[in-house]
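Trainee: Sequence first, then the predicted structure, then my questions.
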Amino acid sequence: MRIRELATGLQFPEGPIAMDDGSVLLVEIARGTLTRVRADGLVQVVADLGGGPNGAAIGPDGAVYVCNNGGFAWHTEADGCLRPVGQAGNYSGGRIERVNLATGRAERLYDAVEGGALCGPNDIVFDAHGGFYFTDLGKVRERDMDRGGLFYGHADGAAASVIARPVMTPNGIALSPDGGTLYYAETEGARVWAFDIAAPGSVRKDGWPSPHGGRMLCASPGGHYQRFDSMAVDALGNLCVATLMHGGISIVPPDGGAVTHVPLPDRFTTNICFGGRERRTAYVTLSGSGRLIAIDDWPTPGLKLNYEA
């Protein structure tokens, strides 16, 4: 595999989306923007969203749907690594936003679900029916933290619903190739959980002792101190999970078998998507150092998403 550096100086990039024109859309959480990295390396702001735009996905209408966590406080380590350290002093509330790529105009779709305010929406994936699953990781403060959840929303802003709540630190979210399984990555426990989907926006749940009805696929593989972030699925159904602290991509088989790890040079390897020829290029955000990289000749092609642009 060959690594290419596509952009530097980004302000905690996340949520990459590989576009048909060779550019990559992403969010800069610390900058509060939806940003495009062109194929020639030029970085352009698409929309100034404020708060903390986090995860992003193309919807059935060609717009970009953004999970906005409302903003982090930040700390820069002696080696230059930028990292979030809790809820921002000017926290603006969690929400799901829809961005028109042609105009940069953003509109708010959701800031609450079934009467509960969204605290820190994090990641999003669309199903084949035009709806989307998303996570709310919650916010961390000096002496307490939120418990988040998994939710289902609609591109037209129709009433969203709860999939599972409360859930501890849900982060990345993804669907199996056949659309029949919903996965999410738990940050603090470095676990991956799965739910069988019964119908759009509805899952089957296991009973106790599952904490929320999901079944666990893996937990902190390899015994490292690590935290799981966002993820993408390859064409074989493997979950490619961006891994914090033990920086890199952890590849989790859908049967929960042996996990392999692709090391990368950033403790805050936060997200991955696939694009390029035959979807064999992995685009990865190295957030602590503010970089977007491309990894050519990824071993397995990425899964085609339900909506692309």
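Mentor: Noted; the coordinates are in hand. Numbers count the residues shown, from 1 in each chain.

Trainee: which residues sit in contact with Tyr184?
Mentor: 135, 150, 167, 170-174, 192-193, 214 (CB atoms under 8 Å, 6 or more residues apart in numbering). Glycine gets a C-beta too; all of them are placed from N, C-alpha and C.

Trainee: Which ones among these map onto helices?
Mentor: Secondary structure from DSSP state H places none of those in helices.

Trainee: Could you give the bridge partners of the closest residue to Phe72 other than its chain neighbours?
Mentor: Taking CB to CB, 6 or more residues apart in numbering as the measure, Phe72 lies nearest to Pro84, with 3.7 Å between them; neighbours along the chain are not counted. Judged by DSSP bridges, the bridge partners of Pro84 are Trp74.

Trainee: Could you identify the pair within the contacts of Tyr184 that is furthest apart?
Mentor: In those, the most distant members under the criterion CB to CB are Val167 and Ala174, with 15.4 Å between them.

Trainee: if we can go back for a sec, what about the residue nearest to Phe72, distance to Pro16?
Mentor: Pro84 is 18 Å from Pro16, where distance means CB to CB, to the nearest Å.

Trainee: Pick out whichever of the two has more residues nearby.
Mentor: Taking other CB atoms under 10 Å, Pro84 and Pro16 do not tie; Pro16 has more neighbours (28 against 19).

Trainee: surely the more buried one meets Leu25?
Mentor: Yes: taking contact to mean CB atoms under 8 Å, the distance of 7.1 Å between Pro16 and Leu25 places them in contact.

Trainee: Show me which residues of the strand ranked longest in the chain are buried.
Mentor: Determined from DSSP state E, the single longest strand within the chain is strand 191-199. The neighbour-count check on strand 191-199 (16 or more other CB atoms under 10 Å) flags 191-195, 197 as buried.

Trainee: repeat for stretch 100-108
Mentor: 101, 106.

Trainee: repeat for stretch 203-214
Mentor: Of all the residues in stretch 203-214, those buried under the rule 16+ other CB under 10 Å are 203, 212-214.

Trainee: what are the ranges of the strands in the stretch 151-300 of the chain?
Mentor: Under the criterion DSSP state E, counting those that start in this stretch, strands of the stretch 151-300 of the chain are mapped to 161-167, 170-175, 181-186, 191-199, 202-204, 215-219, 227-233, 239-244, 248-252, 260-263, 269-275, 281-286, 291-296.

Trainee: Ok, which of the ones you listed comes nearest Asn69?
Mentor: Go through the strands of the stretch 151-300 of the chain one by one with CB to CB and the one that ends up closest to Asn69 is strand 170-175, at 10.9 Å.

Trainee: quick one: strands adjacent to the closest one?
Mentor: Taking DSSP bridges as the criterion, strand 170-175 sits next to strand 181-186 (antiparallel) in its sheet.

Trainee: what distance separates the partner strand from the middle of the whole chain?
Mentor: Mean-position distance between strand 181-186 and its chain equals 11 Å (CA atoms, centre = their mean, to the nearest Å).

Trainee: what angle separates it from strand 248-252?
Mentor: Comparing the axes of strand 181-186 and strand 248-252 via axes from the mean of the first three to the mean of the last three CA atoms, to 10 degrees yields an angle of 140 degrees.

Trainee: so how far is Leu82 from His75?
Mentor: If you measure His75 against Leu82 using CB to CB, the figure is 8 Å.

Trainee: More neighbours: which of the two?
Mentor: Counting neighbours by other CB under 10 Å for His75 and for Leu82 shows that Leu82 has the greater number, 18 against 11.

Trainee: any idea how far Asp111 is from the residue nearest to Phe72?
Mentor: When CB to CB is applied, the distance between Pro84 and Asp111 equals 21 Å.

Trainee: Next: Met168.
Mentor: Separation of Met168 from Asp111 (CB to CB) stands at 22 Å.

Trainee: Then Thr103?
Mentor: Between Thr103 and Asp111 the distance is 22 Å, computed by CB to CB.

Trainee: Check whether Gly62 really touches Phe126, as I assumed.
Mentor: No: in terms of CB under 8 Å, Gly62 does not count as a neighbour of Phe126; the distance is 11.9 Å.

Trainee: got a list of contacts for stretch 205-222?
Mentor: Under the criterion CB under 8 Å, 6+ apart, residues 164-168, 183-184, 189-195, 203-204, 226, 239, 246, 250, 252, 254-256, 259, 261 lie in contact with stretch 205-222.
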